[in-house]
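Engineer: What follows is a protein structure lacking sequence information:
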């Protein structure tokens, strides 16, 4: 189940990079007020996560278990973690994919999000966009989209439940670091029936994202 999910999003991520390059210096949508991600019930602990090569920090809710860095990199992800689940149930998971080769001054806008959703829908069954809007990441408004779908049959994946309806939430943003623009896509995937409860951990993570260079610059003023 897990590897099938990862394959969908990694291939969609490659498509996203292509769209970024095609759009180039797209005109950004008028800034939206955005919604600050609501904090979930306080978890047992938070795990402080700082990628060594990224100007990015966030807290992973304590009930989640991070996949090893080497394994995540092999899967095309910069970061990946799994949440708790009942026996034999679909485990909710969070992954982060980065894009280093963005065109200068690239932006995330509604055209990009729409094209991303269209490409995603071609890789799964019963795809249905459910929600789209803006959310605040490190003080700035950026788009997110949430959709439901079922996996397509795949002989390569054992015990793949093609009847289970799952739901995801994808958050996109761009951050200038080290003299270049880096794109980030954070993705949550969980059981659609438990989405409202499970997505709280993801919203909590998004709400803790910060950029050390920005924080240090503010402190030096």
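Structural biologist: Yep, that arrived. In this text, all values refer to a predicted model and were calculated from it rather than measured experimentally.

Engineer: and the helix or strand containing residue 136, which residues are buried?
Structural biologist: In this assignment (DSSP states H and E), residue 136 forms part of strand 125-137. In terms of neighbour count (16 or more other Cβ atoms under 10 Å), strand 125-137 has its buried residues at 129, 134, 135, 136, 137. Backbone N, C-alpha and C define where each C-beta goes, glycine included.

Engineer: how about those residues in TSV, adding pLDDT and distance to residue 85?
Structural biologist: Formatted as TSV, the buried residues of strand 125-137 follow (pLDDT from 0 to 100; distance: Cβ to Cβ, whole Å):
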residue	pLDDT	distance to residue 85
129	91	25
134	89	30
135	91	25
136	91	29
137	92	27
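
Engineer: quick check, nearest of those residues to residue 175?
Structural biologist: residue 137 (8.9 Å; Cβ to Cβ).

Engineer: sec struct for the nearest residue to that closest one once chain neighbours are set aside, please.
Structural biologist: Nearest non-adjacent residue to residue 137, counting by Cβ to Cβ, 6 or more residues apart in numbering: residue 173, 5.0 Å away. Classification of residue 173 using DSSP: H, G, I helix; E, B strand; the rest coil returns strand.

Engineer: For residue 173, name its beta-bridge partners.
Structural biologist: Taking DSSP bridges as the rule, residue 173 bridges to residue 184.

Engineer: which residues touch it?
Structural biologist: For residue 173, the contacting residues are 108, 137, 140, 142, 183, 184, by Cβ atoms under 8 Å, 6 or more residues apart in numbering.

Engineer: Which pLDDT value goes with residue 17?
Structural biologist: Confidence at residue 17, expressed as pLDDT, is 49.

Engineer: Only the buried residues of the next helix or strand after the strand holding residue 136, if you could.
Structural biologist: The first helix or strand that comes after strand 125-137 along the chain, using DSSP H and E, is strand 140-150. Across strand 140-150, burial judged by 16+ other Cβ under 10 Å covers 141, 142, 143, 144, 145, 146, 147, 148, 149, 150.

Engineer: Parallel or antiparallel, which strands does strand 140-150 pair with?
Structural biologist: Partners of strand 140-150 in the sheet, by DSSP bridges, are strand 125-137 (antiparallel), strand 166-177 (antiparallel).

Engineer: Out of the ones you listed, which gets nearest to residue 99?
Structural biologist: Comparing the strands paired with strand 140-150 under Cβ to Cβ, the one sitting nearest is strand 166-177, at 8.5 Å.
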